[in-house]
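Visitor: pasting the sequence and the predicted model now:
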Amino acid sequence: MEYFVDKDSIVREIWGKSDTILMVFAGASAEFALNKTVDWLYYTGKLPKDPLGRLFSTVNYAKAIVFSKNETALKAIDTINNIHGSVENSRGKKIPEWAYKDVLFMLIDYSIRSYELLQRPLTNHEKQEVLNVFNRVGSRMKINDLPLTYSDFQMARKVHLNQNLDNSTLTKDLYKQYKKHLGFIRYHLLLESQILLLPDSAIQMLNLRKTSLLAPMISVYKFFRSIKLDWMIKEVLLPSAYKQDIKQMNIT
């Protein structure tokens, strides 16, 4: 039985852990807000109304593709294309291809950054494998000129970060929505997580500190995880409305 991602792939290892996925979520929440096409996410009204749900939806689509049979994964990617096409038809204009590429790039980058932060450094071969998997997603979405090697990806990623991000009025509004939906403490946990994870250019745009207050706690969290008590930390820190979604992210 053919799966979209091989069962022994590092990509399954990354996307089978809820803590890693939550860090991908933290990075994506920043870049969605900073991206110059964030107005597309406001067009339907779904993002400001339920920013956490919208971001979980994006992450869940990626997770579903990673663990699906090949045919099912391809259908899921086609569904994403159809949803975007409907929004484009409704608005009467096209989403720029570079915006699709930006989302793909952030999933690649934060998959690697999150796993390395919470688990271990990845080899160059493993990083290339992450790129290859998401390039297959991008190819199915008909995104052109995807970088074929990880070194090419790093260069393309820097260009996109420099050209396609901006701290706009909608950025500020979306962060207000994050604060409203997360509450004061969880909102600041999000910011501290973003400091741990984001590229320097994004940190500067958001006027965040260079050093996260959570940095000393990473080793503490890893210890709790090693004795199977990391669920206690998640139980306290995570929004109750999404606890079931988060539990289902763990795939053994």
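Guide: Yep, that arrived.
Visitor: where does pLDDT dip in this protein?
Guide: Within the chain, the segments meeting pLDDT under 70 span 1, 55, 228-252.
Visitor: what about 80?
Guide: Residues of the chain meeting the criterion pLDDT under 80: 1, 44-49, 51-60, 63, 221-252.
Visitor: now the helices for the stretch 51-200 of the chain?
Guide: All helices of the stretch 51-200 of the chain, identified by DSSP state H, counting those that start in this stretch, fall at 51-66, 70-91, 97-118, 124-140, 150-164, 169-182, 184-197, 200-205.
Visitor: tell me which of those sits most buried.
Guide: helix 97-118 (a mean of 21; mean count of other C-beta atoms under 10 Å). C-betas here are computed from N, CA, C, even on glycine.
Visitor: so what does that one touch, helix or strand wise?
Guide: helix 10-15, helix 18-34, helix 124-140, helix 150-164, helix 184-197, helix 217-226 (3 or more C-beta pairs under 8 Å, 6 or more residues apart in numbering; DSSP states H and E).
Visitor: ok, back up a step: need the helices of the stretch 51-200 of the chain in a markdown table (columns: distance to Glu13).
Guide: Formatted as a markdown table, the helices of the stretch 51-200 of the chain follow (distance: least, C-beta to C-beta, whole Å):
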| stretch | distance to Glu13 |
| --- | --- |
| helix 51-66 | 10 |
| helix 70-91 | 17 |
| helix 97-118 | 8 |
| helix 124-140 | 9 |
| helix 150-164 | 17 |
| helix 169-182 | 28 |
| helix 184-197 | 18 |
| helix 200-205 | 26 |
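Visitor: and those helices: which comes nearest Trp15?
Guide: Across the helices of the stretch 51-200 of the chain, Trp15 has its closest neighbour in helix 51-66 (4.6 Å, C-beta to C-beta).
Visitor: got the angle between the closest one and helix 70-91?
Guide: 140 degrees (axes from the mean of the first three to the mean of the last three C-alpha atoms, to 10 degrees).
Visitor: so which of the helices of the stretch 51-200 of the chain comes closest to Gly27?
Guide: helix 97-118 (3.8 Å).
Visitor: for Tyr43, see how far away Ser86 is.
Guide: Distance of Ser86 to Tyr43, given as C-beta to C-beta, to the nearest Å: 11 Å.
Visitor: sorry, back to before: Ser9 is nearest to which of the helices of the stretch 51-200 of the chain?
Guide: Nearest of the helices of the stretch 51-200 of the chain (C-beta to C-beta): helix 124-140, 6.2 Å.
Visitor: the helices of the stretch 51-200 of the chain: which one's closest to Ser212?
Guide: helix 184-197 (3.8 Å).
Visitor: name the residues that touch the closest one?
Guide: 23, 26-27, 29-30, 110, 113-114, 117, 178-179, 182, 202-203, 206, 208-215, 218, 237-239 (C-beta atoms under 8 Å, 6 or more residues apart in numbering).
Visitor: okay, angle between it and helix 18-34 too, please.
Guide: Angle, helix 184-197 to helix 18-34, by the same axes, to 10 degrees: 90 degrees.
Visitor: quick one: helix 184-197 to helix 169-182, angle?
Guide: 130 degrees.
Visitor: relative to helix 217-226, how tilted is helix 184-197?
Guide: Going by the same axes, to 10 degrees, helix 184-197 makes 100 degrees with helix 217-226.
Visitor: now do helix 184-197 against helix 97-118, angle only.
Guide: 90 degrees.
Visitor: export helix 184-197 as CSV, just CAs?
Guide: Provided in CSV are the C-alpha atoms of helix 184-197 (Å, rounded to 0.1, in the frame of the first residue of the first chain):
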residue,chain,number,x,y,z
PHE,A,184,-3.2,37.2,28.4
ILE,A,185,-1.0,34.4,29.6
ARG,A,186,-1.3,32.1,26.6
TYR,A,187,-0.8,35.0,24.3
HIS,A,188,2.5,35.9,25.9
LEU,A,189,3.5,32.2,25.8
LEU,A,190,2.8,32.4,22.0
LEU,A,191,5.1,35.5,21.7
GLU,A,192,7.9,33.8,23.7
SER,A,193,7.6,30.7,21.5
GLN,A,194,7.8,32.8,18.4
ILE,A,195,11.1,34.4,19.7
LEU,A,196,12.5,30.9,20.0
LEU,A,197,11.5,29.9,16.5
